[in-house]
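Undergrad: got a predicted structure here, sequence first:
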There are 4 protein chains.
Amino acid sequence: MKRKLRYGMIGGGRGAFIGAVHRIAAGMDGEAELVAGAFSADAARSRASGADLHLDPERVYDNYEEMARAEAVQPAARRLDFVVIVTPNDRHYAPARRFLEAGFNVVCDKPITFSLAEARRLATVVRRTGKVFVLTHNYTGNPMVRQARELVRSGRLGRLRKVLVEYPQGWLSTRLEASGQKQAAWRTDPKRSGAAGAVGDIGTHAENLTHYITGLEIESVCADLTAFVPGRKLDDDANILVRFRGGAKGVIHCSQVSVGEENNLNIRVYGEHAALEWRQEQPDELVLKFADRPRQVWRRGHAYNGAASRRGTRLPPGHPEGYLEAFGNLYREAFRAIAAEVAGRRPSRNTDFPTVADGVRGMEFIAAVVRSARRGARWVQLPAS
Amino acid sequence: MKRKLRYGMIGGGRGAFIGAVHRIAAGMDGEAELVAGAFSADAARSRASGADLHLDPERVYDNYEEMARAEAVQPAARRLDFVVIVTPNDRHYAPARRFLEAGFNVVCDKPITFSLAEARRLATVVRRTGKVFVLTHNYTGNPMVRQARELVRSGRLGRLRKVLVEYPQGWLSTRLEASGQKQAAWRTDPKRSGAAGAVGDIGTHAENLTHYITGLEIESVCADLTAFVPGRKLDDDANILVRFRGGAKGVIHCSQVSVGEENNLNIRVYGEHAALEWRQEQPDELVLKFADRPRQVWRRGHAYNGAASRRGTRLPPGHPEGYLEAFGNLYREAFRAIAAEVAGRRPSRNTDFPTVADGVRGMEFIAAVVRSARRGARWVQLPAS
Amino acid sequence: MKRKLRYGMIGGGRGAFIGAVHRIAAGMDGEAELVAGAFSADAARSRASGADLHLDPERVYDNYEEMARAEAVQPAARRLDFVVIVTPNDRHYAPARRFLEAGFNVVCDKPITFSLAEARRLATVVRRTGKVFVLTHNYTGNPMVRQARELVRSGRLGRLRKVLVEYPQGWLSTRLEASGQKQAAWRTDPKRSGAAGAVGDIGTHAENLTHYITGLEIESVCADLTAFVPGRKLDDDANILVRFRGGAKGVIHCSQVSVGEENNLNIRVYGEHAALEWRQEQPDELVLKFADRPRQVWRRGHAYNGAASRRGTRLPPGHPEGYLEAFGNLYREAFRAIAAEVAGRRPSRNTDFPTVADGVRGMEFIAAVVRSARRGARWVQLPAS
Amino acid sequence: MKRKLRYGMIGGGRGAFIGAVHRIAAGMDGEAELVAGAFSADAARSRASGADLHLDPERVYDNYEEMARAEAVQPAARRLDFVVIVTPNDRHYAPARRFLEAGFNVVCDKPITFSLAEARRLATVVRRTGKVFVLTHNYTGNPMVRQARELVRSGRLGRLRKVLVEYPQGWLSTRLEASGQKQAAWRTDPKRSGAAGAVGDIGTHAENLTHYITGLEIESVCADLTAFVPGRKLDDDANILVRFRGGAKGVIHCSQVSVGEENNLNIRVYGEHAALEWRQEQPDELVLKFADRPRQVWRRGHAYNGAASRRGTRLPPGHPEGYLEAFGNLYREAFRAIAAEVAGRRPSRNTDFPTVADGVRGMEFIAAVVRSARRGARWVQLPAS
């Protein structure tokens, strides 16, 4: 009998947001079960979280080192197939490295690390250990994002000219971090988030989505960062001019003080022949625009979509899927690679999830944007990949 | 330690649609696990499905009777807390009755039974056994549907005048049942679906949604049913005039030959002071319209929504939720009632899921609509509730 | 030098709504000028209106009879080419007949007359006099409505199955007529509006639009009319089941108590192969839906639209046109016919405006709907055309 | 009797686009009539255009100088009240100056002149002559744009933080100018358009709209301009970072190679308390977003809108108005000022149209943007106003 994959979680205890998301996404198709965890830096909270999650108390740990030690010696029948890391950015690198080196596959929330240097070191660890590393830029799991990529690749848009990517949110319009709200507290703290605020949290999603759909590489950025809320140390708003290798241009802007906006990530790609538009808040649709033909609205779940898109859908058209299902698609892809790794098979080349390379590229983006802003919004080059 | 609820499933094997939906919905919050099932009338298919689902082969059965016998004698630590029935309509009543009488709580897909007579008998069984019975009219699990109900109840719309409910689909625009497609085959077969086709499958959702949001009761209907596709025996299209007790009027129309439509359920409710509009394909929004004020767009996940709506949301605003999450909300509500029943506690009155009474009312709706249509679209009264 | 057409107006004085609309529409392309009028039953108001409109006081009259007498003897160089009638329904027939018989072409607002009998008599007058008679069902002037018709005619939708037409408004949600508001006063008064309220005012637009786009003829109706506002004598809400000759079915509903709605006329037409959808409040778009291809959004002003649609557009795509421009298109079409008539040429067969035949059909629709409602919403046949 | 205003037109002959727009807009309310013109640099075309427009051939001229001479000596009863200039940019300054100095009021299309130097000289002429000068940045005539301005002024948004303005078009995606298309030819020709292409044509609209709604002044820009179509000499695409005096930030981007886009001007303004959004392609709506309240959709024509918005509407809500009506509103405002000037009255301060000051500011914007781009997208200051 085929078995479910077993996983453990670092972070994601009571009160966290993204931990629950990962658990729903990982468990959605009944292919994986959570069996261990170190859910919080606060040991009591970790244990309470484990109990909420119906875990065996013996596999609920006070911290990730203890967990790594104990789980490394589990018998094969109980051994974890992968570990999920959903802590703040400053606590990604150490556990990721620890578990990779202990022989576990790793799924890690974004941005990949606290700093670019850490990201590069982690890439070395991944390469050396040969384990599967999945970075959860979840929007690439959206079926119509996959279809967007396919349409670009098919040449239907022609040579690309312009890319517009927006990611406005409004939840940090006031000084929420002063209220003790956990999410706000660490995301606005340079000691925990890293060099960037909004750019690190959501700008990296924008960069990743751009790369995923268009395949374009950013050559240079000119970035104007602002901390609008008095007393805030990291940017809560960013306007960025972008030049891509090969001549395309673009704008990426993101914000967490765009009051009234929820999670309005969207992308528009203009080629010589056609344009496409995808909006995260209406994820089941993809709009194509032409010079001289009626617009087209491609919708999730239809047979006219390509294989990658169809593989990421659970419901017929018109039965809305959303954020969790897209997140679940990353896990679906990850499971194929992890199952292969666990079975000692060579992983398929046809996997579709962000990797450590995406993570490094995201950190290079952050670094360049921050440098540009510090120099008064001057152009800064990104390393060629 | 709090434990997960255990459930078994009748129907929902390989190739079925709604079975997988129920499994995702029931498992979404990690509160229940599937442990047994009779997944198909075809024993081999049932076993294969059980293996797909990582079940212990000993708890995968050839048919529901066998399952009922065997599961009735499981020790307490393994005993099922509830059974989910996701077979075609003609096979709801018998297993529902069997499991209720064997002391199990039951979750059943809609419409409740093959006939009104069966529904009424089942209501008696539910009453007699005192078990929890949940009918999965899933759209009532949508957070903004709950908010719509709250806004109506609050009096903000004033006395209701008009209700428009639409449910157009297009998937049966051609004679799909002739191609061997399973869903199409049984839904267009009067021996398996019952007296109505589209009206039974989706018209009942429209009726249920209307009742849930408005609290209005249908007094009489005047229905024009059509089977547009040649050779089809049951209606694939219905246009229905509706009169509600108390003077409100309305229209309900549904169709499975509205080519190009996906699952476009929507409702508009007009009161003396304000109107509301909800569209299933954009479920996170609820529009309010006024005579003399700007329109309002209420969105899922905000603190301004009422408790029932907020209880049914897993993500912050702007992170789209959809069909599965709403379905999961029904299970969430059901679990509270089931856990109470299992623990021997009196179930809370504050549960929010459709019951056997909704099922009976739905069958009365079908019966009245079919009678009206057979009489050439003449007015037919519904029983007072 | 080509000259502008000259016209006079009956009704449409100060405080009227539709008179100003006709003047803007008729004058939009600089092809016609208003030179005479009897603007109000109140002679002082008529004169004041004439002055507002910069008219020669000698051609401003106290009533239409006086105007007809005086204008009939104008020299050729000053003679009216047509007369526009924008009075309440009970005062359409008499002036229309009077001016037609005096040799003038006539443009008349809808519904054509107070009663079906009047409409039929007027049709005889039009036939006998050979003058041009234009009925301003203005929505048929919308470029994307014309495109909708062309797409139906082209066979792209296949044989038609279902038509849904909605016309909800909310402006009569309260007893506005009691406040002295002129529009509300006459439209709710059976002595001035005729047998129907909302059905006469806007239901006839819905019927006309249906016929224009689909070419279908209504065979029978089953209508539930309501006067929701206490004390109101005519229907302010109508729900109507429709059967078309040839087997298509449909629903037409209209309302003037759908609070919060503005002028939300819309139509959906479902054929065997494709469906179309047009919404008056977003008139520049036409949506096509298919079973197995992406949806298409056709937009005004593109070369891919047919000749009739392109002839009715003044601006490039994306520069919104609206109600007045569509109304102006009816006049544009009318001017070609009127100019031909004035010049003694045989009018082109290729004109595209509603005629007296549309007017008679509209009154037959009203009569059948009212009869159906009076009989308790029973089916009533319409005359074959 | 109040009389219509009389006007002449420079440019706008056969084949021109914007000339017809001005004529419809100016004539929409029956308050002005075209009586003279020099419609083309080609004398035969000018005469043919005059005949199309039913003008007295004696008042149709071969060029603007001839017209200025002849019209300057018309008797009072025939004298022009204003002149409309709708020639390419390089032929705005000379006729504007000539007619202003001859004592005529002037309405001029945008951008105001070929160069900033010309704009500043023209401002001097306007000041010296005391005549009315109206610059037709038509989008400020949109009723919901006016309402947006009022909402900002009312303080409802709080202190402004971020402004996003987009103006994508796609009509120059190919080398249309090589095909002989007149509009494309002069707009892509630096000898006729000036220093900028897309930025001059539509970027100035974006700048003007921003200033109109927000009242903010641009302090500096960082602009990346591109000519994507090979062989094109002027920018067809622009991405611009913007800093406003007082600390607000923003992005303005415009393009004429965003294939598939029509005329998609839109603006979003984020304040501390609320945000607003207006989209030119759906001009009758204005969306307000809040942190903690349902979104609001304000719609044209309602009594809840302010006076400036209500003054610019001709139809009830739900009867779409568009580009021409908004353009007509500029004329409506202009007529009040012109009528006052002609009558020798001091013009009202309460006029609502763009003036020569807006024109100078627009040229300063162009100059700064072009300078920034030439320096490789470096920050460039704008003069303080």
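TA: Noted; the coordinates are in hand. Numbers count the residues shown, from 1 in each chain, chains lettered A, B, ... in the order given.
Undergrad: so what's residue A:196 closest to, chain neighbours aside?
TA: Spatially, and ignoring its direct neighbours in sequence, residue A:196 is nearest to residue A:366 (4.9 Å; CB to CB, 6 or more residues apart in numbering or on different chains). In this view, the C-beta of every residue, glycine as well, is placed from N, C-alpha and C.
Undergrad: and that neighbour, its phi and psi?
TA: Listed backbone geometry of residue A:366 is phi -60, psi -50, with angles given as degrees, to the nearest 10.
Undergrad: for it, give me its contacts.
TA: Under the criterion of CB atoms under 8 Å, 6 or more residues apart in numbering or on different chains, the contact partners of residue A:366 comprise A:111, A:116, A:194, A:195, A:196, A:199, A:200, A:203, A:204.
Undergrad: for it, give me the pLDDT.
TA: pLDDT for residue A:366: 98.
Undergrad: before we move on, the earlier item: tell me which entries of the contacts of residue A:366 lie within strands.
TA: Judged by DSSP state E, the subset of those located in strands is empty.
Undergrad: most widely separated two among those?
TA: The largest separation in the contacts of residue A:366, counting by CB to CB, is between A:116 and A:203 at 14.2 Å.
Undergrad: neighbour count: these two, which is higher?
TA: Residue environment comparison for residue A:116 versus residue A:203 gives the larger neighbour count to residue A:203, 28 against 23, counting by other CB atoms under 10 Å in any protein chain shown.
Undergrad: pLDDT below threshold where in the stretch 1-150 of chain A?
TA: Residues of the stretch 1-150 of chain A that meet the criterion pLDDT under 70 lie in A:1.
Undergrad: thinking again about what came up before, gap between the residue nearest to residue A:196 and residue A:111?
TA: When distance is defined by CB to CB, to the nearest Å, residue A:366 is 7 Å away from residue A:111.
Undergrad: need the overlap of contacts for those two.
TA: In the contact map built from CB under 8 Å, 6+ apart, the residues linked to both residue A:366 and residue A:111 are A:194, A:200, A:204.
Undergrad: number of nearby residues for the second one?
TA: Okay, so that is residue A:200. Residues within reach of residue A:200, counting by other CB under 10 Å, total 25.
Undergrad: next: the first one.
TA: The local packing count at residue A:194 equals 26, with neighbours defined by other CB under 10 Å.
Undergrad: who's the closest spatial neighbour of it, skipping the chain neighbours?
TA: In space, not counting the residues next to it along the chain, residue A:194 is nearest to residue A:114; the distance is 4.7 Å by CB to CB, 6+ apart.
Undergrad: three-state assignment of that neighbour?
TA: coil (DSSP: H, G, I helix; E, B strand; the rest coil).
Undergrad: that one contacts residue A:87, correct?
TA: No - the criterion here is CB atoms under 8 Å, and residue A:114 misses it with residue A:87 at 10.7 Å.
Undergrad: the more surrounded of the two?
TA: Remark: of residue A:114 and residue A:87, residue A:87 carries more neighbours, 27 against 23, as counted by other CB under 10 Å.
Undergrad: so is that one in a helix, a strand, or just coil?
TA: Three-state assignment for residue A:87 (three-state DSSP): coil.
Undergrad: so how far is residue A:189 from it?
TA: Counting by CB to CB - residue A:87 and residue A:189 are separated by 14 Å.
Undergrad: residue A:204 too?
TA: To residue A:189, residue A:204 is 17 Å away according to CB to CB.
Undergrad: so which of these two has more stuff around it?
TA: The neighbour comparison of residue A:204 against residue A:189 (other CB under 10 Å) goes to residue A:204, with 27 against 18.
Undergrad: show me what contacts the more buried one?
TA: Applying CB under 8 Å, 6+ apart, we find residue A:204 in contact with A:110, A:111, A:137, A:362, A:365, A:366.
Undergrad: now it: closest residue in space that isn't a chain neighbour?
TA: Spatial nearest neighbour of residue A:204, chain neighbours left out: residue A:362 (4.2 Å); criterion: CB to CB, 6+ apart.
Undergrad: so that neighbour lies in a strand, does it not?
TA: No - membership of residue A:362 in a strand is not supported by three-state DSSP, which gives helix.
Undergrad: of all the contacts of residue A:204, which two lie farthest apart?
TA: Using CB to CB, the contacts of residue A:204 span at most 13.6 Å, a distance reached by A:137 and A:366.
Undergrad: any idea how chain A splits into domains?
TA: For chain A, automatic domain parsing gives the domain ranges A:5-139+A:328-355, A:142-313+A:361-381.
Undergrad: any chance of those in CSV, with distance to residue B:127 too?
TA: As requested, the domains of chain A are arranged in CSV below (distance: least, CB to CB, whole Å):
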stretch, distance to residue B:127
domain A:5-139+A:328-355, 33
domain A:142-313+A:361-381, 40
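Undergrad: residues of the stretch 151-300 of chain A that sit close to chain C?
TA: Contact residues of the stretch 151-300 of chain A with respect to chain C, defined by CB under 8 Å from any CB of the partner chain, are listed as A:288, A:292, A:293, A:294, A:295, A:296, A:297, A:298, A:299.
Undergrad: ok, and of these, which contact chain B?
TA: The subset of those within reach of chain B, counting by CB under 8 Å from any CB, consists of residue A:299.
Undergrad: can you flag the buried ones in the residues of the stretch 151-300 of chain A next to chain C?
TA: The neighbour-count test (16 or more other CB atoms under 10 Å in any protein chain shown) applied to these identifies A:288, A:294, A:295, A:296, A:297, A:298, A:299 as buried.
Undergrad: farthest pair within those?
TA: Largest pairwise distance in these, by CB to CB, is 15.3 Å, between A:294 and A:299.
Undergrad: now do the helices in the stretch 51-200 of chain A.
TA: For the stretch 51-200 of chain A, the helices identified by DSSP state H, counting those that start in this stretch occupy A:64-72, A:93-101, A:116-129, A:143-153, A:182-187, A:190-193, A:198, in order along the chain.
Undergrad: pick the most buried one from those helices.
TA: Using mean count of other CB atoms under 10 Å in any protein chain shown, the stretch among the helices of the stretch 51-200 of chain A with the greatest mean number of neighbours is helix A:198 (a mean of 29).
Undergrad: give me the contacts around that one.
TA: Contacts of helix A:198 from elsewhere in the structure, counted by CB under 8 Å, 6+ apart, are A:169, A:172, A:234, A:235, A:236, A:237, A:238, A:254, A:255, A:256.
Undergrad: give me every residue that touches the closest residue to residue A:385 other than its chain neighbours.
TA: In this structure, residue A:385 finds its nearest non-sequential neighbour in residue A:217, 5.9 Å apart by CB to CB, 6+ apart. Contact partners of residue A:217, counting by CB under 8 Å, 6+ apart, are A:211, A:244, A:245, A:382, A:384, A:385.
Undergrad: just to be sure, residue A:14 is in a helix?
TA: No - Residue A:14 is assigned coil when assessed by three-state DSSP, not a helix.
Undergrad: phi, psi of it?
TA: The phi and psi torsions at residue A:14 (degrees, to the nearest 10) take the values phi -50, psi 130.
Undergrad: could you dump stretch A:312-331 to PDB, C-alpha only?
TA: Written as PDB, here are the backbone C-alpha positions of stretch A:312-331 (Å, rounded to 0.1, in the frame of the first residue of the first chain):
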ATOM      1  CA  GLY A 312      -3.200  22.000 -10.600                       C
ATOM      2  CA  THR A 313      -6.900  22.000 -10.400                       C
ATOM      3  CA  ARG A 314      -9.200  20.000  -8.200                       C
ATOM      4  CA  LEU A 315     -12.600  21.300  -9.200                       C
ATOM      5  CA  PRO A 316     -14.600  21.900 -12.400                       C
ATOM      6  CA  PRO A 317     -14.700  25.400 -13.800                       C
ATOM      7  CA  GLY A 318     -16.900  27.900 -11.900                       C
ATOM      8  CA  HIS A 319     -16.300  26.200  -8.500                       C
ATOM      9  CA  PRO A 320     -13.800  28.800  -7.200                       C
ATOM     10  CA  GLU A 321     -10.400  27.700  -6.100                       C
ATOM     11  CA  GLY A 322      -8.200  30.100  -4.200                       C
ATOM     12  CA  TYR A 323      -5.100  30.700  -2.200                       C
ATOM     13  CA  LEU A 324      -5.000  27.400  -0.300                       C
ATOM     14  CA  GLU A 325      -5.600  25.200  -3.400                       C
ATOM     15  CA  ALA A 326      -2.700  27.000  -5.200                       C
ATOM     16  CA  PHE A 327      -0.500  26.500  -2.100                       C
ATOM     17  CA  GLY A 328      -1.600  22.900  -2.200                       C
ATOM     18  CA  ASN A 329      -0.300  22.600  -5.700                       C
ATOM     19  CA  LEU A 330       3.200  23.500  -4.700                       C
ATOM     20  CA  TYR A 331       3.000  20.700  -2.200                       C
END
